[in-house]
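Undergrad: only geometry, no sequence info:
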């Protein structure tokens, strides 16, 4: 999203609803009125059924401006997704998926999944080990009726300048055995880091 130098107020005024976001994506995706059907390669189109979508005149494939982007098949409004992405891009010290889920009234896991997509698009590497001060915690999910055993989730977050930097990992393990935890640390935390629970 190329909004360098745009502050939160300007962003909020520019993107007030889903149509604003669809229009913006369509202008980027089909710049200078270019169109190539992703299914058959045809370059002719007509108006599609979805907002700002384009329908191939040959194979009749209807392509949304979100197709092939981080916004494809999201489970919440496009406008909300734009605002979450903007918050992630402008935050100097990172922002947690928990904070974003509260702000936008979404499930934390939903926001966490979308945040990972944004981080990949921005060039973060999934297996980049965390360094510096690392906060490590764990909790159990599942209830006694559906999952008597429950699942153990280990979370680690990178702390920079006393604040959570936004780079974090969560990992479901079968047990709290030393081997399971060691595998998690080996994959996601640098041996040079300082970690505490």
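TA: Structure received. In this text, all values refer to a predicted model and were calculated from it rather than measured experimentally. Residues are numbered from 1 along each chain as shown.
Undergrad: where do the strands of this protein begin and end?
TA: 45-47, 54-56, 62-63, 133-141, 151-160, 163-173, 194-196 (DSSP state E).
Undergrad: quick one: mean pLDDT for the first one?
TA: The average pLDDT for strand 45-47 rounds to 95.
Undergrad: counting contacts, what elements does it pack onto?
TA: strand 54-56 (3 or more C-beta pairs under 8 Å, 6 or more residues apart in numbering; DSSP states H and E). To be clear about C-beta, it is placed using only N, CA and C from the backbone, and glycine gets the same treatment.
Undergrad: name the residue most distant from the centre of the protein?
TA: Counting by C-alpha atoms, centre = their mean, the extreme residue of the chain relative to its mean C-alpha position is residue 58, 34.2 Å from that point.
Undergrad: give the contact list for the closest residue in space to that one that isn't next to it in sequence.
TA: Using C-beta to C-beta, 6 or more residues apart in numbering and skipping residues adjacent in sequence, the residue nearest residue 58 is residue 42, 4.0 Å away. Neighbouring residues of residue 42 by C-beta atoms under 8 Å, 6 or more residues apart in numbering: 36, 56-59.
Undergrad: can I get these in TSV with pLDDT?
TA: As requested, the contacts of residue 42 are exported to TSV (pLDDT from 0 to 100):
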residue	pLDDT
36	92
56	96
57	97
58	97
59	97
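Undergrad: which one of the residues you listed is nearest to residue 103?
TA: residue 36 (37.7 Å; C-beta to C-beta).
Undergrad: from residue 183, how far out is the residue lying closest to that closest one once chain neighbours are set aside?
TA: Sequence neighbours aside, residue 43 is the residue nearest to residue 36 in space, at 5.7 Å (criterion: C-beta to C-beta, 6+ apart). Per C-beta to C-beta, to the nearest Å, residue 43 is found 50 Å from residue 183.
Undergrad: how many other residues sit next to residue 32?
TA: Other residues near residue 32 come to 5 when the count uses other C-beta atoms under 10 Å.
Undergrad: 23 is where my numbering starts, stick with that
TA: Sure, I'll start counting at 23 from here, so that last one is residue 54.
Undergrad: what pLDDT does it get?
TA: 85.
Undergrad: now swap in residue 87 and tell me
TA: Value listed for residue 87 in the pLDDT field: 94.
Undergrad: what number of residues lie near it?
TA: Neighbour count for residue 87, taken as other C-beta under 10 Å: 25.
Undergrad: contacting residues around it?
TA: Neighbours of residue 87 in contact, by C-beta under 8 Å, 6+ apart: 44, 47-48, 51-52, 74-75.
Undergrad: can you count the residues close to residue 136?
TA: Using other C-beta under 10 Å, residue 136 has 23 neighbouring residues.
Undergrad: was I right about it contacting residue 96?
TA: Yes: Residue 136 is in contact with residue 96 according to C-beta atoms under 8 Å; the separation is 6.5 Å.
Undergrad: any shared contact partners between the two?
TA: Contact criterion C-beta under 8 Å, 6+ apart; residues shared by residue 136 and residue 96: residue 103.
Undergrad: separation between the residue lying closest to residue 109 once chain neighbours are set aside and residue 143?
TA: Nearest-residue entry for residue 109: residue 117, 5.7 Å, with adjacent residues in sequence omitted and distances by C-beta to C-beta, 6+ apart. As judged by C-beta to C-beta, residue 117 and residue 143 stand 16 Å apart.
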